[in-house]
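Asker: Here is my input; please provide its structure:
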Amino acid sequence: MSVDGAARTTLGGAPVEPAASRPEPRFEVLSTTHVARAAVPTLRLRIAVREPSGRPVYTVALSALVTVAPAKRRYSDAERESLRELFGPPERWASTTGSFRWTQADVLVQRFTGETEFNLDLPCSYDHEVAAAKYFAGLEAGEAPLRVHFNGSIFYEASDGRMQLAAIPWDCSVRFAMPVDVWRGMIAEHFPFRRWIALDPDTVERLAARRGDRGLPSFDAVVDELLDEES
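Answerer: Residues are numbered from 1 along each chain as shown. From the prediction side, this is the model:
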């Protein structure tokens, strides 16, 4: 089935409108919060979508890719030190702070005419092996510069009253700034007094064996003992 041909192309027997008359949605991130008491850390974006032609939109099957744009903000000396593992020494940041992928999520936007608002929920990882989590954890305050790229399909009412299908234009993307406090609040709710590091199963077994041999109360105590031995 083609949706980018001329009027002779059909969708369910109905002519498809030419590209010039198809919807051109515009998106805006209105706010950023975290979902309280979610099963996993979840960031919620409140998003507005506008379709200026005024034609009824039946639904939007939306996919959103979120990327991080580190070069779009300034950093304190302490933040630069915290992010050294991710970006290298400060003199290299001009070449190492390019945008990188964070996460992706899908959502169905309900019927609307003109404009509407909807929630986009982003499950988050606090694994410090994940670049985005390492980046957010390295920020002291302020905002994290992000960008969301939209793609998917719009089901809408054509001028003859029939339902039509169109792809979301390739250039539908918006920038937004996530307050660092929102990230910190989300992580503090799910992991109070704890930080998580991914370890190889063999490493965990070795730590468990040492814990048993030494009669230590926790893995935290095992790591403390090892660090004390090295100092």
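
Asker: Summarise which helices and strands whichever strand or helix holds Arg206 is packed against.
Answerer: Using DSSP states H and E, Arg206 falls within helix 201-214. Here helix 201-214 touches helix 219-230, going by 3 or more C-beta pairs under 8 Å, 6 or more residues apart in numbering; DSSP states H and E. (C-beta placed from N, C-alpha, C; glycine too.)

Asker: Report the rounded mean pLDDT for the helix it packs on.
Answerer: Averaging pLDDT along helix 219-230 yields 83.

Asker: neighbouring contacts of that helix?
Answerer: By C-beta atoms under 8 Å, 6 or more residues apart in numbering, the residues outside helix 219-230 that reach it are Leu207, Ala208, Arg210, Arg211, Arg214, Leu216.

Asker: Can you point out the buried residues in that helix?
Answerer: Neighbour counts using 16 or more other C-beta atoms under 10 Å place Val222 of helix 219-230 among the buried residues.

Asker: Could you do stretch 41-49 as well?
Answerer: For stretch 41-49, by 16+ other C-beta under 10 Å, it's Pro41, Thr42, Leu43, Arg44, Leu45, Ile47, Val49.

Asker: Name the residues that touch it?
Answerer: 25-35, 60, 109, 112, 115-126, 148, 176, 178, 182-183, 186-187, 189-190.

Asker: what's the answer for stretch 95-104, then?
Answerer: By C-beta under 8 Å, 6+ apart, stretch 95-104 touches 63-71, 87-88, 122-124, 131-132, 146-147.

Asker: just the buried members of these?
Answerer: Neighbour counting by 16+ other C-beta under 10 Å classes Ala64, Val66, Thr67, Val68, Ala69, Pro70, Phe87, Leu122, Cys124, Ala132, Leu146, Arg147 among the contacts of stretch 95-104 as buried.

Asker: Now those in JSON lines, please, with extra columns for secondary structure, pLDDT and distance to Asp224.
Answerer: Putting those into JSON lines (DSSP: H, G, I helix; E, B strand; the rest coil; pLDDT from 0 to 100; distance: C-beta to C-beta, whole Å) gives the following:
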{"residue": "Ala64", "secondary structure": "strand", "pLDDT": "96", "distance to Asp224": "42"}
{"residue": "Val66", "secondary structure": "strand", "pLDDT": "95", "distance to Asp224": "37"}
{"residue": "Thr67", "secondary structure": "strand", "pLDDT": "96", "distance to Asp224": "37"}
{"residue": "Val68", "secondary structure": "strand", "pLDDT": "96", "distance to Asp224": "33"}
{"residue": "Ala69", "secondary structure": "coil", "pLDDT": "96", "distance to Asp224": "38"}
{"residue": "Pro70", "secondary structure": "helix", "pLDDT": "96", "distance to Asp224": "33"}
{"residue": "Phe87", "secondary structure": "helix", "pLDDT": "95", "distance to Asp224": "29"}
{"residue": "Leu122", "secondary structure": "strand", "pLDDT": "93", "distance to Asp224": "34"}
{"residue": "Cys124", "secondary structure": "coil", "pLDDT": "87", "distance to Asp224": "28"}
{"residue": "Ala132", "secondary structure": "helix", "pLDDT": "90", "distance to Asp224": "29"}
{"residue": "Leu146", "secondary structure": "strand", "pLDDT": "96", "distance to Asp224": "36"}
{"residue": "Arg147", "secondary structure": "strand", "pLDDT": "96", "distance to Asp224": "40"}
